[in-house]
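Q: Structure for this input, please:
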Amino acid sequence: MADPIILSIQTATFALCIAFPFGTLLARLMAGKRFKGQTAVETLFLLPIVLPPTVIGFLLIILFGKHSPVGLFIESVFGSSMMFTPWAAAIASTVVAFPLMYQSAKAGFESLDSEIEEAARMDGAGAWKTFYHITLPLSSRALITGGILSFARALGEFGATLMFAGNIPGKTQTVPIAIYVAMESGQTERAWALVIIIIIISFAMLYLSSRLKSR
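A: Predicted coordinates for the structure are as follows:
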């Protein structure tokens, strides 16, 4: 039972490590900005929230499949395809987790009083110094909340992972997939054990997020 749990935590951690910095950076670039095509760009960022997981899995196969330019490049460099590997599970989790990180970070940045940042710049602080010493600390609650929600979402990813990474016990079988397989094979006790574990972890994540928001 440990293998699916460990793999799920690993893929969720990978997703967080990618979604957090990129989501934060893109949110900062987009916050308070107005330009032509902005709505289309932001819709693209948030699309994984509303797309069926099977559609995301299909698109990942098209993008990283053996016959795609990206897939061929990866195979020529690493000697193997990315599909049906733990990396595929990690990428699927990252795609579905990113929008939550971006959305939370952008909301945090837009809630800041711009006069505080302007005052720092007037005192001689550069853009990076202002961002690091002023913007990030003041937005830390929103960023942490976004990270928690992203981790929880990646932990529960099922459809895209099943299509892109498959169901290989000990290799790509995450907790949601293991629950599905256990139910299909009549292993109700195993399914219940995994369900309870994922509920406890998810509850802890959401509880922590709610506590941060209420402070």
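Q: and the nearest residue to residue 155 once chain neighbours are set aside, helix, strand or coil?
A: Nearest non-adjacent residue to residue 155, counting by C-beta to C-beta, 6 or more residues apart in numbering: residue 12, 4.3 Å away. For every residue, glycine as well, the C-beta is placed using N, CA and C. Of the three states, residue 12 takes helix under DSSP: H, G, I helix; E, B strand; the rest coil.
Q: wait, what's in contact with residue 12?
A: Neighbouring residues of residue 12 by C-beta atoms under 8 Å, 6 or more residues apart in numbering: 93, 97, 151, 152, 154, 155.
Q: residues near residue 148, how many?
A: Residues lying near residue 148 (other C-beta atoms under 10 Å) number 22.
Q: Repeat that for residue 69.
A: Residues near residue 69, counting by other C-beta under 10 Å, number 8.
Q: Do you know the pLDDT at it?
A: Looking at residue 69, its pLDDT is 88.
Q: Pull up the gap between it and residue 99, please.
A: Taking C-beta to C-beta, to the nearest Å as the measure, residue 69 falls 25 Å from residue 99.
Q: again, but for residue 30
A: Per C-beta to C-beta, residue 30 is found 13 Å from residue 99.
Q: what does residue 113 give?
A: Separation of residue 113 from residue 99 (C-beta to C-beta): 26 Å.
Q: Compare residue 30 and residue 99 (neighbour count), which wins?
A: Neighbour comparison, residue 30 and residue 99: the larger count goes to residue 99, with 24 against 19 (by other C-beta under 10 Å).
Q: Please name the residues that touch the more buried one.
A: Counting by C-beta under 8 Å, 6+ apart, the residues that residue 99 touches are 45, 46, 47, 48, 49.
Q: list the helices and strands whichever helix or strand the fourth one is part of packs on?
A: Assigned by DSSP states H and E, residue 48 belongs to helix 38-50. For helix 38-50, the helices and strands in contact under the criterion 3 or more C-beta pairs under 8 Å, 6 or more residues apart in numbering; DSSP states H and E are helix 2-30, helix 86-110.
Q: worst-scoring helix or strand of this structure, pLDDT-wise?
A: Least confident helix or strand, the chain: helix 114-122 with a mean of 71, by mean pLDDT, DSSP states H and E.
Q: For the helix or strand that it is followed by, buried residues please.
A: For helix 114-122, the following helix or strand on the C-terminal side (DSSP H and E) is helix 127-130. The neighbour-count check on helix 127-130 (16 or more other C-beta atoms under 10 Å) flags residue 130 as buried.
Q: Counting neighbours, show which residues of the helix or strand where residue 151 lies come out buried.
A: Using DSSP H and E, residue 151 sits in helix 140-155. Buried positions in helix 140-155, judged by neighbour count with 16+ other C-beta under 10 Å: 141-155.
Q: Does anything pack onto it? Which helices or strands?
A: In terms of contacts (3+ C-beta pairs under 8 Å, 6+ apart), helix 140-155 is packed against helix 2-30, helix 86-110, helix 188-214.
Q: so residue 98 makes contact with residue 49?
A: No: Residue 98 is beyond contact range of residue 49, at 9.6 Å (criterion: C-beta atoms under 8 Å).
Q: Looking at those two, which is more packed in?
A: Higher neighbour count among residue 98 and residue 49: residue 98, with 25 against 13, using other C-beta under 10 Å.
Q: Done for today, thanks.
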